[in-house]
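Enquirer: When you get a sec, could you give me coordinates for this:
(one chain, ligands or ions: 2)
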Amino acid sequence: MGLLDGKTALIFGVANDHSIAWGITQALHREGATIGLSYAGEVLERRVKPLAASIGVDFVEPCDVSSDEEIRVLMEKARQAFGGIDILVHSIAFANRDELSGGFHETSREGFHLAMDISVYSLIAVAHAALPIMRDNSSILTLTYLGSVRAFPNYNVMGVAKAALEASVRYLALDLGASEKHIRVNAISAGPIRTLSAAGVSGFKGLHSRFREIAPLRRNIGIEEVGNAAAYLGSDLSAGVTGEVHYVDAGYNIVGLPIADDSS
Ligand code: NAP
Ligand code: 1JT
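Expert: Ligands and ions are numbered 1, 2, ... in the order given. Okay, the predicted model is just below:
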């Protein structure tokens with residue numbers, strides 16, 4: 001018997017088998033959920049379709065979340081395929097690479113708008129469009145990073161976007177929890193993971209290896225661990241939890257004074 005037997009999950013943000021959304025997909029599938037996947041564009045179709053096929057998922061539909069029309073069309077397809085949704089996963093972020101290096105004060109107006117639109121507003125747009133097909137007591141999840149509450153070199157405009165995303169989680173939780181459907185909205189704050197987005201970003205490699213020297217569990221985290229936390233937040237086990245930012249980071253965020261084992 002799975003934790004999510006009888007539930008349907010619509011998941012945004014699988015780019016390849018390193019994606020956090022793929023770790024979530026595998027965990028939700030393992031726990032018995034029926035899965036629908038949405039990917040960004042044609043380039044990804046070749047990568048996402050075989051992954052979906054490997055777990056017997058046949059709802060694989062494109063949706064660029066910068067388009068309200070594409071979101072509307074996707075939700076109509078989901079309604080036809082599933083009738084309703086119990087778990088909605090938003091695992092999407094975007095910023096121009098040149099905004100993720102150098103001075104934060106150099107952030108362009110255009111780059112700021114783009115990061116906020118794709119990484120923050122899309123959660124609100126997708127939640128709103130999904131509302132008519134969300135089932136009672138359903139669960140919405142998004143992915144965030146500690147750069148929302150601490151300043152890290154290079155994370156720059158994404159840190160500001162993640163702060164706005166976490167605030168959006170609280171406002172959506174207030175709205176949708178009080179609706180007749182009593183929908184829950186939460187975020188998982190993941191430690192650094194080598195994914196397509198993260199690879200090649202200035203300083204990411206160093207940050208990823210320093211992380212395990214400081215985190216209480218003295219290791220990095222993987223997409224399987226984020227997937228398992230998502231299975232809990234999508235399930236009835238977390239029925240009393242909403243508006244939360246749940247850290248899956250080997251404890252990194254609780255450390256006051258980062259001291260490696262060999263320091264004296
Ligand atoms: P990823 O595999 O590259 O996933 C990011 C996804 O966002 C990709 O599928 C990407 O598609 C999609 N996307 C970008 N623009 C889009 C648009 N306009 N419409 C629809 N989809 C769009 O990287 P990831 O690390 O798993 O990222 C997933 C989430 O986890 C992000 O919110 C990220 O901030 C968060 N997170 C990551 C880390 C980390 O260290 N990796 C840590 C904490 C939180 P394309 O490839 O086509 O652009
Ligand atoms: C984006 C990118 C969103 C990388 C991201 C992200 N959320 C987390 N990461 C990984 C990361 C990157 C840096 C970092 C810590 C984590 C790149 C493409 C745009 C969206 O520095 C502290 C730089």
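
Enquirer: which parts of the chain sit against ligand 1?
Expert: Residues of the chain found near ligand 1 (Cβ under 6 Å from any ligand atom) are 13-15, 19-21, 40-41, 44, 64-66, 91-94, 118, 143-145, 190, 192-193, 195-198. In this view, the C-beta of every residue, glycine as well, is placed from N, C-alpha and C.

Enquirer: so which of the residues you listed are also by ligand 2?
Expert: With Cβ under 6 Å from any ligand atom as the criterion, the residues of the chain next to ligand 1 include A93, F94, Y145, P192, S197, A198 near ligand 2.

Enquirer: what's the most distant pair in the residues you listed?
Expert: Greatest spatial distance in these: F94 and P192, 17.5 Å, computed using Cβ to Cβ.

Enquirer: and the two? which has more neighbours close in?
Expert: Per other Cβ atoms under 10 Å, whichever of F94 and P192 has more neighbours is P192, with 23 against 16.

Enquirer: My read is that that one contacts L207, right?
Expert: Yes. In this structure P192 lies within contact range of L207 using Cβ atoms under 8 Å: 5.7 Å.

Enquirer: Would you map the strands across the stretch 101-250 of the chain?
Expert: 134-144, 184-190, 245-248 (DSSP state E, counting those that start in this stretch).

Enquirer: quick one: Y232 and S238, what's the gap?
Expert: 5 Å (Cβ to Cβ, to the nearest Å).

Enquirer: returning to that earlier point: could you pick out the buried ones from the residues of the chain next to ligand 1?
Expert: 13-15, 19-21, 40, 44, 65, 91-94, 118, 143-145, 190, 192-193, 195, 197-198 (16 or more other Cβ atoms under 10 Å).

Enquirer: Run through the residues of the stretch 51-200 of the chain sitting next to ligand 2.
Expert: So the stretch 51-200 of the chain meets ligand 2 at 93-95, 100, 145, 147, 152, 154-155, 158, 192, 197-198 (Cβ under 6 Å from any ligand atom).

Enquirer: mind showing which ranges of this structure have poor pLDDT?
Expert: Under the criterion pLDDT under 70, the flagged ranges of the chain are 262-264.

Enquirer: where does the lengthiest helix in it sit relative to the chain's centre, distance-wise?
Expert: Ordering each helix of the chain by length in residues (DSSP state H) puts helix 156-178 first. Relative to its chain's centre, helix 156-178 lies at 12 Å (Cα atoms, centre = their mean, to the nearest Å).

Enquirer: follow-up on the earlier one: and the ones next to ligand 2 among the residues of the chain next to ligand 1 as TSV, adding distance to A163?
Expert: Shown next, in TSV, are those (distance: Cβ to Cβ, whole Å):
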residue	distance to A163
A93	13
F94	16
Y145	10
P192	18
S197	18
A198	19
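
Enquirer: Return the closest of these with respect to S179.
Expert: A93 (26.5 Å).

Enquirer: I'd guessed the closest one sits against M158; true?
Expert: Yes. Counting by Cβ under 8 Å, M158 is a contact partner of A93 at 6.6 Å.

Enquirer: Q80: how many residues sit nearby?
Expert: Residues within reach of Q80, counting by other Cβ under 10 Å, total 10.
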